[in-house]
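Q: Provided below for reference: sequence and predicted model.
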Amino acid sequence: MSQYRTRPASSRWHDGAPIGERVSAQPLLDDPLGSFEGDLRLSPLQPMLVPEEPRHGELDPSECGHCTRDGGWRWLWRDDLWHVSAAPESGLPFWGGLAPNDHVMLHELGPELLTTLGIVVQRFAGAVQGLDGVARTHFSRWGDGSAHFHLQFMARPLGMMQGRGYMLAVWDDVLPRTDPAVLAENHARIAAAMAAGGGEPLL
């Protein structure tokens, strides 16, 4: 038997959660940022069991995909502290990530990483928004996949009002895959734009 997810999580919030029930998806249909319609249904709320299974790299840093250049995502740029990578495919003009070179989580970022985080986020967001046909750069941190701090950066296409807010990540899942030649060109542009402010391009 697994040592994980063996007992219900317990808190005042958990005690009031409608476990096993199917809650209404109507708020998603009514959301002005949403792009859902028709008979939208959510799965019943599953039991919330603990302890949670470790994230990638939590028990063994050698398994962390953010620590090496062959972790699945293509590294585009790096400096002494940070690196920028790109998803191998996407339905958007660009989907990439920013992570520290060291295997650390958010609460472990030291003063130098914390001091430079805002600067490198601004540079990366500007590089993404500078791509042809891109209106906005969305970025977020979920923190559930890996025990290595990282941010996701997404290019919201110009004029795509249905891609505002959280919907951009949803659209990426369902849109046809972007032409690899277009992605390659955008990756090269990101690498060059980042290198213009320091560090080295990796393409």
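A: Arrived safely, thanks for sending.

Q: Tell me the pLDDT of Gly143.
A: What the model reports for Gly143 is a pLDDT of 89.

Q: do the same with Glu58
A: The per-residue pLDDT of Glu58 was computed as 94.

Q: Got phi/psi on it?
A: Recorded main-chain torsions at Glu58 are phi -80, psi -40, according to degrees, to the nearest 10.

Q: now do Glu108
A: Backbone torsions for Glu108, taken as degrees, to the nearest 10, come to phi -100, psi 0.

Q: Report how many residues lie close to Glu200.
A: For Glu200, the count of nearby residues is 10 (other Cβ atoms under 10 Å). Where you see a C-beta, it was placed from the backbone N, CA and C, and this is true even at glycine.

Q: thought it was touching Asp79?
A: Yes: Glu200 sits in contact with Asp79 when judged by Cβ atoms under 8 Å, with a separation of 7.2 Å.

Q: How far does stretch 181-194 sit from its chain's centre?
A: Stretch 181-194 has its average C-alpha position 18 Å from the chain's average C-alpha position, going by Cα atoms, centre = their mean, to the nearest Å.

Q: now swap in stretch 35-50 and tell me
A: Using Cα atoms, centre = their mean, the distance from the centre of stretch 35-50 to the centre of the chain it belongs to is 21 Å.

Q: Can you name the residues that contact Leu28?
A: Under the criterion of Cβ atoms under 8 Å, 6 or more residues apart in numbering, the neighbours of Leu28 are 34, 36, 40.

Q: got the contact list for the second one?
A: Applying Cβ under 8 Å, 6+ apart to Phe36 gives the contacts 25, 28-29.

Q: ok but it is inside a strand, no?
A: No: the assignment for Phe36, made by DSSP: H, G, I helix; E, B strand; the rest coil, is coil rather than a strand.

Q: What is whichever strand or helix holds Val170 packed up against?
A: Val170 is part of helix 167-174 when elements are defined by DSSP states H and E. Where contact means 3 or more Cβ pairs under 8 Å, 6 or more residues apart in numbering; DSSP states H and E, helix 167-174 is packed against strand 134-140, strand 151-157.

Q: Taking their axis directions, the first one and helix 167-174 sit at what angle?
A: It refers to strand 134-140. Strand 134-140 runs at 100 degrees relative to helix 167-174, counting by axes from the mean of the first three to the mean of the last three Cα atoms, to 10 degrees.

Q: Thank you, goodbye.
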